[in-house]
Structures are given as C-alpha cells and as structure tokens.
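Q: take this sequence and fold it.
(one chain, ligands or ions: 1)
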Amino acid sequence: MAERRFEPSGPVRGEYVPPADKSISHRAALLAAMCDEPVAIRNYLDAADTRSTLEALERLGAGVERRDGELLVRGVGLRGALETTGGLLDVGNSGTLMRMLPGWLAGQPGRSWRIDGDESIRRRPVDRIARPLAAMGAEIEMRAGRFPPFMVTGGRLHGIRYELPIASAQVKSCVLIAGLLAEGATEVVEPVPSRDHTERFLARAGVPFTKDGHALRVCPVDELELETVEVPGDPSSAAFMVAAAILVPGSRLVVRGVGLNWTRCGFFAIAERMGAVLVGEREAAGAFAADEPIGELDVAAGPLEGTTVGPDEVPLAIDELPLVALLGAFAEGETVVRGAGELRVKESDRIAAVCSNLRALGADIEELPDGFVVRGSGAPLRGGVVDAHGDHRLAMLGAVAGLASREGVVVRGIEAAAVSYPDFVADLASLCGR
Ligand code: S3P
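A: Numbers count the residues shown, from 1 in each chain. This next block holds a predicted model:
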C-alpha cells in the first residue's frame, strides 16, 4: 500500500480539464458492444474501472481497437453470439459494470456466466438486480443469496413494471437494458431521479423510450445503432479539484469541458448553497455526441456555511457526499446529510470511513445510520493520517483535505485513485503550482 503526504498548499489556480466521465464511458462501451455496426468512442476514460469493462466485453466476443486516440468497439449485436458461455467475467472494482452487464446477459437464453470481482466488490449487494431480472425470466444465483460471485443464466425475458426500492442509476440501467430484449414493454419507476445517462443513450440509439414523471418505459428492439460518442469530462472527478479551490484561500480555478447534466451536478448546487463562489456556463446543447450538456465552471475560494442535504438531493450528489462532509468540516455551523444509507454499500462503507477519517483530522463529525452531521467553526482542519480503505474517492478526499489543512495529511492507499482518476496526484500538483 502506497502512502503519500499532501502538504498545506498555496492557492489552486489555472485552467483544468477533468478526465473523461466514468459513468458515460462504461455505458458507451457496453451499448457499443450491443450494436451491430462498429462504434467510435472519443475520450473514453482510461482508468482501472473502465478497463474492466473493455476486458469483459472482449471476453464476450466484442472487438476493441485503440486508434488515433479513439476507441473503436466492434459489437456482437443485441442478441449476438456472446462467446464465453460458462466463462468468468471479472468486473474488478466496478459496481457499475457488475450491475449493468447482467441486464444484457439476462436476455441471452440458455447461456450462463459467472461474475466476480475484487475484495470490495464481494461486499456489494447484487440482489437489487437479481430481483427484477428473475421477475423478467432470468436466473441468478448469488453467494449467501446476495453477494458476488454470482451466476447469471439468460432466459426468454418478458417486460415488467418495476418500482425501484432505492434510487439507483445502476439498477435502473440494468432493468432498462434487459427491457431491450424482453417481450412487451418494461417500465421502471424511480422514487426520485438519479443520473440519466443510460436513458440519453437509449434515446440516441433509436430505442422506443418514453418518460412520464418518474416512470421510464422501453420497448424491445431488433438492433441498436449508435453514432460516434464523445465522452465529456467527469463532474465527479472535477469535484475534487473544485473542492480544493473552494477550500484553499486565494484560489481561482476554471474547469472546462465538464459534464453539466443536472442529474450529476448536485454537489455543485450544494457547494453554492454553502456559500462557494461557483459560476457555471453551459456550452451549446448537443455539443457532445452523447447528448450530454457540457460547459465551464469558474470557482473561487470563500467562507462557507453549513447546510442540510435531504434524500431527494442524495442521488444527484451520491459520489460527492464525502466532499460535502469535508466542506462541512471547514464551514461555520452544522452540515447534515440524511437519506444516504446507500453510501454504506459503495466501494467502502463511506459513512463509517468518511467519519473516522475526518475525525482523525480534527473534525467534529457524527455518524448517522443514513448519513452524518458535521459541526464546523469556519476554521481549517488540523491534519493527520487517513486510510483510503481501498476506495478511490476516499483516497482523493484525503489529498484535498491535506491541501486545505493546517498541518498536512498522509493518505494511506493513495493508489486507489487509479480506479477512476489515474492522473489525480499529478493534476492536483500542477494546479497547486508544484
Ligand atoms: C453510477 C451510479 C451510482 C454511483 C456510481 C456510478 C452509475 O450508483 O454511485 O459510482 O454509473 O450508474 P447507484 O446507482 O447504485 O447509486
């Protein structure tokens, strides 16, 4: 495990283009593999998680070529001859791959695959996808009835109406993808909106798709067709640099080419409510081929006040809630996050791990079953030692905390950042003028 020390920093300054969006990269590759014609993907994220997706798709018979800086995916078709019946598909650390891929496999009658991943993935529940897929006609066998490794055996699927018990874009995407292969319409009802990248892709790929309030409906298709996809910058990765710019006095950062899909921008809205100076400007709609809005963010450091984040806002900022805790520790007053029990089943138990890490740096933070309460005095954290718990977002959180702290932070397990952001440490150093 690699240890790295992040010293208190001078202002974070300059222009910054974040790495490609992880969620959109996974979906671009998966849906491209389901097409009959080759699909070019520009700016595909090169990180551990999105490499796991390409490897799994290659094992299923898709071709993946890298040329002139873009990726060309030669798909096998929606009902294609998925090659490796009986084979093992290794999802590595990727929960998104683990939950979305079975949607496709479930609709391949009589074929079976075993899905497994790393130590963290083995702690993450898959019954949430097994329930709807079984109701549609597939067979899923899980370890201890709930966890990976698990077997997916495809069946002749039929459409269902499925009310998601939790807001989860991964589960929603899984059921919608299975719906492409089912007889009749499939309807998914979300309790509150979550990221909608899959829906945007499906609409682009010519799938009969409708949305009525929180109910999404797909009908089966014979084939998928996608034009070149260009992946925008990842707002979740950018959020770490944005947080650093908000917290380190004198900072001014311009973020370019960042995805500004509203279902991903909850953190920016929360930070603004806390008093951060953050001006967003969208580029012309449709500038990116995934029909995702992109734009620019202009961020400056300033004093913060505590805020309350409620359940409706949670899915829109789900991966950035650790950063909300960090801002809360530097803000004046109380910052409360509730309705975020899902954080306990992410790459780590992010409620327990964020609370113990920030406490180790001097924060007054209380763990709740479904969130946390942080009490700040408006003063910076002291600093200390944190453990990434093998979780990329916690590794990056520790680094940002170090920059803004009084005495610096040592991050144990900084290498975890490579899951979504391999150049994180170098990018951070260059923005701090190091
Ligand atoms: C993701 C959805 C979220 C998020 C994850 C990526 C996606 O998970 O936490 O990092 O790409 O669909 P849930 O949908 O399970 O909340």
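
Q: list the contacts of the closest residue to the ligand within the stretch 1-150 of the chain.
A: Distances between the stretch 1-150 of the chain and the ligand by C-beta to the nearest ligand atom are smallest at Ser23, namely 3.3 Å. Just so you know, the C-beta spots here come from the backbone N, C-alpha and C atoms, and that holds for glycine as well. Taking C-beta atoms under 8 Å, 6 or more residues apart in numbering, we find Ser23 in contact with Thr96, Ala169, Arg195, His197, Asp234, Ser236, Arg264.

Q: now for those: which two are most distant?
A: Using C-beta to C-beta, the contacts of Ser23 span at most 14.4 Å, a distance reached by Ala169 and Asp234.

Q: got the residues of the stretch 1-150 of the chain near the ligand?
A: Contact residues (C-beta under 6 Å from any ligand atom) of the stretch 1-150 of the chain with the ligand: Ser23, Thr96.

Q: quick one: the helices in the stretch 1-150 of the chain?
A: Secondary structure of the stretch 1-150 of the chain (DSSP state H, counting those that start in this stretch): helices at 22-33, 48-59, 95-105, 127-136.

Q: what packs against the second one?
A: It stands for helix 48-59. On a contact count with 3 or more C-beta pairs under 8 Å, 6 or more residues apart in numbering; DSSP states H and E, helix 48-59 meets helix 22-33, strand 63-67, strand 88-90, helix 95-105.

Q: and it, which residues are buried?
A: Of all the residues in helix 48-59, those buried under the rule 16 or more other C-beta atoms under 10 Å are Ala48, Asp49, Thr50, Arg51, Ser52, Thr53, Leu54, Glu55, Ala56, Leu57, Arg59.

Q: before we move on, what about the last one?
A: Taking 16+ other C-beta under 10 Å as the basis for neighbour counts, the residues of helix 127-136 that come out buried are Arg128, Ile129, Ala130, Pro132, Leu133, Met136.

Q: a markdown table for those residues, including distance to Glu272 and pLDDT?
A: Output for the buried residues of helix 127-136, formatted as a markdown table (distance: C-beta to C-beta, whole Å; pLDDT from 0 to 100):
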| residue | distance to Glu272 | pLDDT |
| --- | --- | --- |
| Arg128 | 32 | 98 |
| Ile129 | 34 | 98 |
| Ala130 | 39 | 98 |
| Pro132 | 36 | 98 |
| Leu133 | 39 | 98 |
| Met136 | 41 | 98 |
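
Q: show me what contacts Gly69?
A: Residues in contact with Gly69 (C-beta under 8 Å, 6+ apart) are Arg42.

Q: go again with 7 Å.
A: Applying C-beta atoms under 7 Å, 6 or more residues apart in numbering to Gly69 gives no contacts.

Q: same thing with the one 5 residues further on?
A: Counting by C-beta under 7 Å, 6+ apart, Arg74 makes contact with Pro38, Ala62, Gly63.

Q: what about the first one, neighbour count?
A: Applying other C-beta atoms under 10 Å, we find 14 residues neighbouring Pro38.
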